[in-house]
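**Q** sequence first, then the predicted structure:
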2 protein chains.
Amino acid sequence: MARNVVPLANLIEQFERLPGIGHKSAQKLAFHILSMTDTEAKKFADTILLAHEKIHRCSVCCDLTDSDVCSICLDEKRDFSTICVVESSKDVIAIERTREYNGLYHVLHGSISPMNGIGPDEITIKELLKRLNNDEVQEIIMATNPTVEGEATAMYISRLIKPMGIRVSRLAYGVPVGADLEYADEVTLTRALEGRQIL
Amino acid sequence: MARNVVPLANLIEQFERLPGIGHKSAQKLAFHILSMTDTEAKKFADTILLAHEKIHRCSVCCDLTDSDVCSICLDEKRDFSTICVVESSKDVIAIERTREYNGLYHVLHGSISPMNGIGPDEITIKELLKRLNNDEVQEIIMATNPTVEGEATAMYISRLIKPMGIRVSRLAYGVPVGADLEYADEVTLTRALEGRQIL
């Protein structure tokens, strides 16, 4: 194909902007789009627009939803006394997959990162504090990422919440199940030793 | 996020249908779409529709183009006596990148593959033969893939064209430049030996 077929070049460029898609993959995806039927291509474009239009933050937990309040916040079978604080909606999916947690969530949509100009006001800490005004909540589980930013965010939020008399906990650090001790980094191993449990 | 946010689930599913995109990547791409501004999302969807609508086959060489005849077929500086036959538009891009070839192309849009139910009529062989009716064309370079199907297609087409008194050539087989002989497969090495050239 000649390089100057504008609509195709534009399509490749749009795919290249997506995360994790290089030039070769973008080209492959663009050619795949061209090989679709008209209906399929229209459906693909419509799904993008519809998802973008309908999905917004839950007015309670800030997770993504297509209704005013998300299905987890509305579910009366869940334990309203515990809130698990995560950085993103993807983390909610990951924790839900364990089927071990039955409380509510709060999605921060990021972590405090002064290097990237993200302060406490840029993430949904205010919305979290507002949820703690009733007496129902007894424990906040900080499940931010085990990174410098996630750690700082957990510390920051726990200092705000502890004075309110609510228990604040943090996910356990340790060696991942199925991993090889030989390849675990020193910090993780140190944390695993510190957090050792009596058998 | 709860699993039942329908517009997002649909978007993830659409991305999963694309080649080389697994569930995790589809999820990452879908969340990226949600993080776009309205304008960006609209532009992405529009580019898909526009590319799909505007791009079709060149009426001469069957390559993809947004005009009636593609820019290579219209370019008077090119050598109209040679046609390079390739399986897909991506191959045209690859050969154009060498800047060594100045003839025309013919895109087959596939290769003969009885296993997949693709016979000579499913690819653009008829269109190629129609181009050979004038006396201008002197050589056909078969640049189909070095696979069983590509090879069979090259043989099939060359048998049709040779009786017309037109020279038919095939890309050279051999070891790829920069590769390690140690890791070359036996068939490639055999072909490289057979095709050895005098220094």
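**A** Ah, there it is.

**Q** so which helix or strand takes in residue A:100?
**A** Assigned by DSSP states H and E, residue A:100 belongs to neither a helix nor a strand.

**Q** contacts only, for it.
**A** If you count contacts by C-beta atoms under 8 Å, 6 or more residues apart in numbering or on different chains, residue A:100 has none. Heads up, the C-betas are built off the backbone N, CA and C, glycines and all.

**Q** please report how far it lies from residue B:63.
**A** 55 Å (C-beta to C-beta, to the nearest Å).

**Q** what about the longest strand in chain A?
**A** strand A:79-86 (DSSP state E).

**Q** against which helices or strands is the longest helix along chain A packed?
**A** Taking DSSP state H as the criterion, chain A has its longest helix at helix A:38-54. Helix A:38-54 sits against helix B:6-16, helix B:23-35, helix B:38-54, with contacts defined as 3 or more C-beta pairs under 8 Å, 6 or more residues apart in numbering or on different chains; DSSP states H and E.

**Q** try 10 Å
**A** Judged by 3 or more C-beta pairs under 10 Å, 6 or more residues apart in numbering or on different chains; DSSP states H and E, the packing partners of helix A:38-54 are helix A:23-35, helix B:6-16, helix B:23-35, helix B:38-54.

**Q** most packed of the ones you listed?
**A** A comparison of those by mean neighbour count, using mean count of other C-beta atoms under 10 Å in any protein chain shown, puts helix B:6-16 on top with a mean of 20.

**Q** what's the offset of that helix from the middle of its chain?
**A** 29 Å (C-alpha atoms, centre = their mean, to the nearest Å).

**Q** just to revisit the earlier point, give me the sheet partners of the longest strand of chain A and which way each runs.
**A** strand A:103-107 (parallel), strand A:139-142 (parallel) (DSSP bridges).

**Q** contacts for the helix or strand just after the longest one, please.
**A** Yep, that's strand A:103-107 we're talking about. Once strand A:103-107 ends, the next helix or strand along the chain (criterion: DSSP H and E) is helix A:125-131. Helix A:125-131 has contacts (C-beta atoms under 10 Å, 6 or more residues apart in numbering or on different chains) with A:57-62, A:73, A:83, A:85, A:104, A:106-109, A:112, A:119-120, A:124, A:137, A:140, A:153, A:156-157, A:160-161, A:164.

**Q** and these, which are buried?
**A** Buried by 16 or more other C-beta atoms under 10 Å in any protein chain shown: A:57-58, A:60-62, A:73, A:83, A:85, A:104, A:106-109, A:112, A:124, A:137, A:140, A:153, A:156-157, A:161, out of the contacts of helix A:125-131.

**Q** quick one: contacts for the spatially most central residue of chain A?
**A** When C-alpha atoms, centre = their mean is applied to chain A, the residue found nearest the centroid is residue A:88 (1.7 Å). With contacts defined as C-beta under 10 Å, 6+ apart, residue A:88 is in contact with A:63, A:64, A:94, A:107, A:108, A:109, A:110, A:111, A:144, A:145, B:1, B:31.

**Q** quick check: residue A:66 touching residue A:52?
**A** No - with contacts counted by C-beta atoms under 10 Å, residue A:66 stays clear of residue A:52, the gap being 11.2 Å.

**Q** please enumerate the shared neighbours of those two.
**A** With C-beta under 10 Å, 6+ apart as the test, residue A:66 and residue A:52 both reach B:7, B:8.

**Q** give me the contacts around the helix or strand bottoming out on mean pLDDT in chain A.
**A** The helix or strand of chain A with the lowest confidence, counting by mean pLDDT, DSSP states H and E, is helix A:186-194 at a mean of 80. The contact list for helix A:186-194 (C-beta under 10 Å, 6+ apart) reads A:146, A:172, A:173, A:174, A:175, A:176, A:179, A:181, A:184, A:185.

**Q** show me just the buried residues among those residues.
**A** A:174, A:175, A:184.

**Q** so what's the first one closest to, chain neighbours aside?
**A** Meaning residue A:174. Distances taken as C-beta to C-beta, 6 or more residues apart in numbering or on different chains put residue A:192 closest to residue A:174, at 4.1 Å, once the chain neighbours are dropped.

**Q** and residue A:169, by the same measure?
**A** Leaving aside its chain neighbours, residue A:169 sits nearest to residue A:141 (5.2 Å; criterion: C-beta to C-beta, 6+ apart).

**Q** where does pLDDT dip in chain A?
**A** A:1-3, A:199 (pLDDT under 70).

**Q** let's see it at 50
**A** Applying pLDDT under 50 to chain A picks out no residues at all.

**Q** show me the domain layout of it.
**A** Residue ranges for the domains of chain A, per automatic domain parsing: A:6-54, A:68-170.
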